[in-house]
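> What follows is a predicted protein model with its sequence.
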Amino acid sequence: MKWGKVRKGTALLLSGICMSSMILSGCSTAEEDAGAGQETEQEEVSADTEITVYTPAINEDEYGKEFKKYVEENLDFKVNFEAEPLLYADTVNKATTMLASGDDSVDVYFIDEIMQLSFMSADFLEPIEDVVTEEDMSKFLEGYEDKFLKKDGHIYGVPADFAGILFFVNKKMFDDADIAIPTNQEEFIDAAKKLTKDGKYGLLEAWDKASHLQDNLNRWCLMFGGNFYDWTLDGTKEAIKFMYDLVHTYKVTSIDNLSVDYETGNQKFVDGNAAMYFQWAGSVPSYENAGKYGSEIICAPMPEFKTNKTPMSSWMWVVNKKSSKKEAAKEYAKLMASPEAQALYMKACGRLSPTANLDVWNDSELTDGLLTVEEHKQYVEDDAFEARTLSERHSEYMDTVTGTLQEYLMDEISYEECLEKGQQQIDELLGKN
Amino acid sequence: MKRKITLSRRKTIFAWMCVLPVLVIRLWTTAYPVVAMSYYSLLDYDLIRRKKEFAGLQNIRNLAKNKQFLESLSFTVKFTVISICFIIVLGVALALLMKQNFGGRKLIRTVALIPWGLSMIVVSIAALWAFDDTYGIVNDLIRRIGFEGYHFTWLADKSGAQVAVIIVNIWKNVSFFAIIMLAAFQGIPGELFESARIDGASNWKILFHVSLPYVMRTFIIMIIFVGVSQINSFEIVYAMTKGGPGTTTSLLAYRLYMEATKNMNYGMASAITMVMFLVTAVYGIIGLRIYRKVDY
């Protein structure tokens, strides 16, 4: 009797699911979900128009007020700024969820290249070339546009900042030990060894899985002439082996780096726990706030290994395809390409990084208040920057491929296994497209 | 001829009308997502590839041979079983301690409640620092209790990270279990203890033959409740380890999050949700069956 009831219940449940599945199967395609083929009704731009911009919080200081005033004076509609979460992972989650669900409450997003590539592929973004022209784009780093802003001939974003991974050193530790700042691989290893003593390390690395390990892998690969999307290259293999050697052979950095993210790393570096640290320029405000930048912590030229290359990155303004105020949103994006807006925004949100618009770099009035402009100029002069090689599946890369690298760094798998497994994972994720 | 509606039928209709809004909301917020999720789990639904087509059980088949998923499943089982065991033992012990009459009982009760009152994400971020090799309080405490020179990179070691995550989880959840059990223990009539003592029962016998049987239904409900929340744990690894090092602390809910929000593969994410749903349902059904059999 009881089994009869169970069977009946199961049959009902299954038929319910099947029925619902059949009903739902007629609902939408992936492209419709993403917004393709569905034109959102557009509002005409007027003084009553209000757009919402999703951005890191605009500070309530003089810079913030100046930026908002500039926007107000240059646009004929109102702009509301909605603060993004502080943590990168939370920003990605929120933006992805909102865009994937077809939400139109935000008209303009401020995103990085990783999100940009995924969102362009998923058709979440509105092309903006009718407002933002090639002329506007000519002010940015050469080649960057084709790599991250364009897809199928359309332009999708306006870059805001230009931040590279810079080589920071604790000058005081070098001076105390009477060691010169390294300029090549040999000097680098030598200095790191000499400065690893009394519980302090020669080198600090952020190898946390969320995002930081892939940044560092990318940089080491560039320095060895490799490519972190191709683990068959000699340069990549050498870089991976070198990362392992830093911990296990030279013992100049801690395996605990595997749990170090940028926030933890910055604190350790400010506290003088390590002498050298490759870190994004965006960390400088925290060194500055600690009263260490310039006096104790300085930015040095990239040491020359096989190359002196280091990644650069930019965050950008993009327009939500589902926005009902696309024209206004595009006008905002165009305004953000102007030198004044670029400089004001970097100060208003407290990033203080150099702007993506390279013309700004030589305008002392606009750069006043920004940090590391001169350092970036020097890196550009040294031809040290290279735009990152990314894919639409980079978030997956950060989970799977860097997970494999962590296993190798922990000595869980061999070097050969690491290379084989990593390349297999890369092939798999690129093969999905 | 007009049919007359009886009073009891009118009452029934009225009652249904009263609960209808809640039912509609419940259907929309619970039944619809479950059905949609079941449907999506049968699709090859990937936003990056802009693909959404029927794939039958392909996602489930892919999961069955996906090493990362299997590792997540394995760690979720380990995490849930170990956490539940410790939460039960420590929770009951803490509840019994808080039930005793002694000076500072109120302070102990207040302190015991603190972990429960904290948000899991806050606890996890604090734990990330607590287990840090340079600043961490954990290594420092171990050194202070006599293990001078002790150093262990908890979160950069496969087993260390798993242990750290489980310890933090237990620390966070024990107090809630203990408070509910304390309330249940306090509901036991004093005469039962007196009778047991007159009969010469020891404290252990009173615990196992009087106290625990009396609170058995609360005990089982709590095990179901805590177990379900462990199976679906997410924030702890999201904030503390990001599923690493490697994939060693990647709980099922974290894998689901990666597939849904990072990889934008809704088909695979739904299949993982389906697995979690089934595991939770089976666990809940077994628990409820045991609950119904308890007769006290």
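Done, it's in.
> quick one: contacts for the residue minimising distance to the centre of chain B?
Centroid-nearest residue in chain B: residue B:229, 2.1 Å away (criterion: CA atoms, centre = their mean). Going by CB atoms under 8 Å, 6 or more residues apart in numbering or on different chains, residue B:229 touches residue B:173. From N, CA and C alone the C-beta is placed, and that goes for glycine too.
> Repeat the analysis, applying 10 Å as the threshold.
By CB atoms under 10 Å, 6 or more residues apart in numbering or on different chains, residue B:229 lies in contact with B:80, B:83, B:120, B:169, B:173, B:176, B:280.
> If we go by neighbour counts, what in the one helix or strand it maps to is buried?
For residue B:229, the host element (DSSP states H and E) is helix B:216-231. Buried residues in helix B:216-231, counted by 16 or more other CB atoms under 10 Å in any protein chain shown: B:216-224, B:226-231.
> Now do the phi/psi pair for residue A:308.
Residue A:308 adopts backbone torsions of phi -110, psi 20, taken as degrees, to the nearest 10.
> Surely it and residue A:222 touch.
Yes: at 9.0 Å, residue A:308 counts as touching residue A:222 under the criterion of CB atoms under 10 Å.
> and residue 176, how many neighbours does it have?
Picking chain A for this. Using other CB atoms under 10 Å in any protein chain shown, residue A:176 is surrounded by 11 other residues.
> right idea, wrong chain: chain B
Neighbours of residue B:176 (other CB under 10 Å): 20.
> So it versus chain A, what's the distance?
Residue B:176 is 26 Å from chain A, where distance means CB to the nearest CB, to the nearest Å.
> Show the contacting residues for that residue.
Contacts for residue B:176 (CB under 10 Å, 6+ apart) come out as B:87, B:91, B:112-113, B:115-117, B:222, B:225-226, B:229.
> and the gap between it and residue A:301?
Distance, residue B:176 to residue A:301, by CB to CB, to the nearest Å: 55 Å.
> Same check on residue A:265?
For residue A:265, the distance to residue A:301 (CB to CB) stands at 21 Å.
> Looking at those two, which is more packed in?
Applying other CB under 10 Å to residue A:265 and residue A:301 shows that residue A:265 carries more neighbours, namely 23 against 16.
> anything in contact with each of residue A:308 and residue A:222?
Counting by CB under 10 Å, 6+ apart, the shared contacts of residue A:308 and residue A:222 are A:302, A:384-385.
> got the contact list for the host helix or strand of residue A:188?
Using DSSP H and E, residue A:188 maps to helix A:185-195. Contact with helix A:185-195 is made by A:167, A:169-170, A:173-174, A:176-182, A:184, A:201-203, A:223-224, A:242, A:245-246, A:249-253, A:274-276, A:303-306, as judged by CB under 10 Å, 6+ apart.
> Which residues does the next helix or strand after that helix contact?
Counting by DSSP H and E, the next helix or strand C-terminal to helix A:185-195 is strand A:201-204. Contact with strand A:201-204 is made by A:168, A:170, A:173, A:177, A:179, A:182, A:188-196, A:246-247, A:250-254, A:256-257, A:260, A:264-266, A:268-269, A:273-279, B:134, as judged by CB under 10 Å, 6+ apart.
> repeat that for 7 Å
With CB atoms under 7 Å, 6 or more residues apart in numbering or on different chains as the test, strand A:201-204 has contacts from A:191-193, A:195-196, A:246, A:252-254, A:265, A:268-269, A:273-277.
> for the helix or strand that that strand is followed by, packing partners?
Remark: after strand A:201-204, the chain's next helix or strand is helix A:212-223, criterion DSSP H and E. Packing contacts for helix A:212-223, counted by 3 or more CB pairs under 7 Å, 6 or more residues apart in numbering or on different chains; DSSP states H and E, involve helix A:234-248, strand A:310-313, helix A:394-409.
> So for helix A:212-223, mean pLDDT?
Mean pLDDT, computed over helix A:212-223, is 96.
> and if you look at stretch B:75-89?
On average, the pLDDT along stretch B:75-89 is 96.
> pull the CA atoms of it into CSV?
The C-alpha atoms that make up stretch B:75-89 are tabulated as CSV, following Å, rounded to 0.1, in the frame of the first residue of the first chain:
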residue,chain,number,x,y,z
PHE,B,75,34.5,18.0,0.9
THR,B,76,30.8,18.9,1.5
VAL,B,77,30.2,15.5,2.9
LYS,B,78,33.3,15.7,5.1
PHE,B,79,32.5,19.2,6.2
THR,B,80,28.8,18.4,7.0
VAL,B,81,29.5,15.1,8.9
ILE,B,82,32.4,16.4,11.0
SER,B,83,30.6,19.7,11.7
ILE,B,84,27.4,18.1,12.8
CYS,B,85,29.2,15.6,15.1
PHE,B,86,31.1,18.3,16.8
ILE,B,87,28.2,20.8,16.9
ILE,B,88,26.1,18.1,18.6
VAL,B,89,28.6,17.0,21.2
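> buried ones in stretch B:134-145?
Result for stretch B:134-145 [16+ other CB under 10 Å]: buried residues B:134, B:136, B:138-139.
> now the strands for chain A?
A:50-55, A:78-83, A:108-112, A:150-151, A:154-155, A:157-159, A:163-170, A:201-204, A:274-280, A:297-300, A:310-313, A:315-319, A:385-387 (DSSP state E).
> worst average pLDDT in those strands?
strand A:150-151 (a mean of 88).
> now stretch A:299-311, how far from the chain's geometric center?
Chain-centre distance of stretch A:299-311: 20 Å, with CA atoms, centre = their mean, to the nearest Å.
> That stretch: end-to-end distance?
Stretch A:299-311 has an end-to-end distance of 15 Å (criterion: CA to CA, to the nearest Å).
> Name the residues of it that come out as buried.
Using 16+ other CB under 10 Å as the test for burial, stretch A:299-311 gives A:299-305, A:307-311.
> which one among these gets closest to chain B?
Nearest to chain B out of these is residue A:311 (CB to the nearest CB; 20.2 Å).
> Next one: the closest residue to residue A:179 other than its chain neighbours, what pLDDT does it get?
For residue A:179, ignoring the flanking residues on the chain, the nearest one in space by CB to CB, 6 or more residues apart in numbering or on different chains is residue A:191 at 5.2 Å. pLDDT for residue A:191: 97.
> do the same with residue A:36
Confidence at residue A:36, expressed as pLDDT, is 47.
> what does the stretch 101-250 of chain B put close to chain A?
Residues of the stretch 101-250 of chain B found near chain A (CB under 7 Å from any CB of the partner chain) are B:132-134, B:153, B:155-158, B:242-247.
> Could you identify the most distant pair in those residues?
B:134 and B:247 (25.4 Å; CB to CB).
> domains of chain A?
For chain A, the structural domains run A:50-162+A:314-380, A:163-312+A:391-431, going by automatic domain parsing.
> anything in the first one near chain B?
Yes: contact between domain A:50-162+A:314-380 and chain B, assessed by CB under 7 Å from any CB, occurs at A:92-93, A:96-97, A:100, A:118, A:121-123.
> Kindly present these as a markdown table, with separate columns for pLDDT.
Below are the residues of domain A:50-162+A:314-380 next to chain B laid out as a markdown table (pLDDT from 0 to 100):
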| residue | pLDDT |
| --- | --- |
| A:92 | 90 |
| A:93 | 89 |
| A:96 | 92 |
| A:97 | 90 |
| A:100 | 89 |
| A:118 | 91 |
| A:121 | 90 |
| A:122 | 90 |
| A:123 | 92 |
